[in-house]
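Peer 1: Output the structure for:
(one chain, ligands or ions: 2)
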Amino acid sequence: MTQQSAAPVILIDDDRDLLKATAQTLELAGFSVSAFSMASRALAAIDSDFAGVVVSDIRMPDIDGLQLFDRILLLDPDIPVILITGHGDVAMAVKAIKDGAYDFITKPFAADGLAQSVQRAAEKRRLTMENRALREAGELAQDSLPLIGQTPAMERLRRTLRQIADTDVDVLVTGETGSGKEVVAGLLHRWSRRAKGNFVALNCGTLPESVIESELFGHEAGAFTGAQKKRIGRVEHSSGGTLFLDEIESMPASTQVRMLRVLEMREVMPLGTNDLRPVDLRVVAAAKIDLGDPRQRGDFREDLYYRLNVVTVSIPPLRERRDDIALLFGYFAERAATRFHRPVPALPVAVQSHLREHDWPGNVRELAHFAERFVLGLEEIGGSSSLRPINPNTAIPLPERLERYEADIIRETLGRNGGDVRRTVEALGIPRKTFYDKLQRHGIVRGDFSK
Ligand SMILES: Nc1ncnc2c1ncn2[C@@H]1O[C@H](COP(=O)(O)OP(=O)(O)OP(=O)(O)O)[C@@H](O)[C@H]1O
Ligand SMILES: [Mg+2]
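Peer 2: Numbers count the residues shown, from 1 in each chain. Ligands and ions are numbered 1, 2, ... in the order given. A predicted model of the protein is given here:
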């Protein structure tokens, strides 16, 4: 038999002799019994983490078994309660079963009849607790779908998000492609009291203009050709939760007018109706451009911009928080390794320099893809090709490029020679003293390369 810890049973009976006898029966059957002659005492020992079964007599002074059952329902409706009834109380017990009691046993009862019922109830409770633990772990894992970054800019961003998440204020999130706007919107939702409601996303840039309004506001059957069935719009669907309007800069002009109304009045009128339906929503909008700049804004309505711009959160591009690159790369590489069942390969010097020097126009998304390709061995960077002067698109001035190029060569050579100074110096064809000067200037630690 597998060694499982004895399931706890809380047993309540005001008849002390019977209490003692029943407790013994259950202990013999392998349960860990706490016996009480008063329900109020027993209640003090029960909370929603209670991992076992409650067995209670019905007729008792003080709180009776049915009242006890009611209180337990409030604490945690999944705790199994088994009621012991005198023969006159069967109707009562049957009703309790309808209300969710686990079982009832009529007095006098056979010891193993009770033990079996408790056994089944304990098993059910164990499964409930196991599922809960799994779910909680899952939620934690989700919550750790994280906003990674330790640069001051990211710390600041995280602080701002914490501050505003639980207010109902609408938020405009700006940032280049792949910089994490959707991650931020998701966090604003998860960190708010709206987390239990829906997080409803709509990309204003990918839906054709003709569809976007009925998607957003919903419609009655027959509101327009093709509208066969009534449809609840996403605005209404997100009531109690968060509406994420992605690429808001692409929202068609007529939709902007209607959206402005929703934001101001907090009510929505589905197409083809005159109903005004109240909505309790928080809007998080994302834009890739600076809507505050009239030249970039184009024909995006200024009033809608101001309405959305109560709080703006801007996410800096990855190249402006380079110190986070290694951390992010490590995270994505680990994630990819787990996903693809591959080890994380050692990091060649060439890849290190790519991480440092590339401009990351696709921001975190590009870095994530790079990490995945690296783990899969699909990245071509490495070998001599990495020694080409760095990405010609970068706006780094020539002297700095040469500096980095030199540092790269030194790292590469050190790496190839396992950190051996004599061989490295020979390969580089420079005097030892010059070599050490350069190490210092580039902040290269020779020991990092020794095998
Ligand atoms: N700080 C971060 N920590 C961890 N993962 C991140 C971070 N920022 C972005 N990501 C990841 O990078 C990818 C791109 O992020 P996201 O989709 O939020 O970008 P976006 O700003 O919405 O881009 P687009 O404008 O192209 O829609 C996602 O897989 C996301 O999980
Ligand atoms: Mg996005």
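Peer 1: residues from the stretch 201-350 of the chain in reach of ligand 1?
Peer 2: Taking C-beta under 6 Å from any ligand atom as the measure of proximity, the stretch 201-350 of the chain contacts ligand 1 at residue 288. Yep, even glycine has a C-beta here, placed from its N, CA and C like the rest.
Peer 1: Helices of the stretch 201-350 of the chain, start to end?
Peer 2: Taking DSSP state H, counting those that start in this stretch as the criterion, the stretch 201-350 of the chain carries its helices at 209-217, 234-237, 253-265, 294-297, 302-308, 325-340, 349-357.
Peer 1: most packed of these?
Peer 2: Scoring those by mean neighbour count under mean count of other C-beta atoms under 10 Å gives helix 234-237 as the most buried, with a mean of 22.
Peer 1: Just give me how far it sits from the chain centre.
Peer 2: Mean C-alpha position of helix 234-237 versus that of the full chain (C-alpha atoms, centre = their mean, to the nearest Å) differs by 22 Å.
Peer 1: helices or strands next to it in the packing?
Peer 2: Packing partners of helix 234-237 (3 or more C-beta pairs under 8 Å, 6 or more residues apart in numbering; DSSP states H and E): strand 199-203, helix 209-217, strand 218-219.
Peer 1: ok, now how distant is whichever residue of the stretch 1-150 of the chain sits closest to ligand 1 from residue 324?
Peer 2: Minimum separation of the stretch 1-150 of the chain from ligand 1 (C-beta to the nearest ligand atom) falls at residue 148, amounting to 3.5 Å. According to C-beta to C-beta, to the nearest Å, residue 148 and residue 324 sit 7 Å apart.
Peer 1: ok, those two, which is more surrounded?
Peer 2: Taking other C-beta atoms under 10 Å, residue 148 and residue 324 do not tie; residue 324 has more neighbours (20 against 16).
Peer 1: Compile the helices of the stretch 201-350 of the chain into CSV and extend it with columns for distance to residue 374.
Peer 2: Formatted as CSV, the helices of the stretch 201-350 of the chain follow (distance: least, C-beta to C-beta, whole Å):
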stretch, distance to residue 374
helix 209-217, 38
helix 234-237, 38
helix 253-265, 42
helix 294-297, 35
helix 302-308, 38
helix 325-340, 6
helix 349-357, 6
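Peer 1: Switch these over to a markdown table; also include mean pLDDT.
Peer 2: Output for the helices of the stretch 201-350 of the chain, formatted as a markdown table (pLDDT from 0 to 100):
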| stretch | mean pLDDT |
| --- | --- |
| helix 209-217 | 88 |
| helix 234-237 | 92 |
| helix 253-265 | 93 |
| helix 294-297 | 89 |
| helix 302-308 | 93 |
| helix 325-340 | 90 |
| helix 349-357 | 91 |
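Peer 1: how about the residue of the stretch 1-150 of the chain closest to ligand 1, what does it touch?
Peer 2: 154, 324, 327-328, 331 (C-beta atoms under 8 Å, 6 or more residues apart in numbering).
Peer 1: one more time with 10 Å
Peer 2: Contact partners of residue 148, counting by C-beta atoms under 10 Å, 6 or more residues apart in numbering, are 154, 180, 183, 324, 327-328, 330-332, 364.
Peer 1: any chance of those in TSV, plus distance to residue 318?
Peer 2: TSV is the format used below for these (distance: C-beta to C-beta, whole Å):
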residue	distance to residue 318
154	11
180	9
183	13
324	7
327	11
328	8
330	15
331	13
332	12
364	6
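Peer 1: Nearest to ligand 1 within the stretch 101-250 of the chain, name that residue for me.
Peer 2: Going by C-beta to the nearest ligand atom, ligand 1 is nearest to residue 180 of the stretch 101-250 of the chain, at 2.9 Å.
Peer 1: Output the contacting helices and strands for the biggest helix by length in the chain.
Peer 2: Ranked by residue count, the top helix of the chain under DSSP state H comes out as helix 111-143. Contacts defined by 3 or more C-beta pairs under 10 Å, 6 or more residues apart in numbering; DSSP states H and E place helix 111-143 against strand 8-12, helix 16-28, strand 53-57, strand 81-85, strand 103-106, helix 181-190.
Peer 1: related to what we said a few turns ago, out of the helices of the stretch 201-350 of the chain, which gets nearest to residue 160?
Peer 2: helix 302-308 (16.3 Å; C-beta to C-beta).
Peer 1: got CSV for the helices and strands packed on helix 234-237, with distance to residue 300 too?
Peer 2: Shown next, in CSV, are these (distance: least, C-beta to C-beta, whole Å):
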stretch, distance to residue 300
strand 199-203, 16
helix 209-217, 14
strand 218-219, 24
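Peer 1: Can you check which of the ones you listed gets nearest to residue 251?
Peer 2: Judging the helices and strands packed on helix 234-237 by C-beta to C-beta, what sits closest to residue 251 is helix 209-217, at 7.4 Å.
Peer 1: now that closest one and strand 199-203, what's the angle there?
Peer 2: Helix 209-217 and strand 199-203 are oriented at 170 degrees to each other (axes from the mean of the first three to the mean of the last three C-alpha atoms, to 10 degrees).
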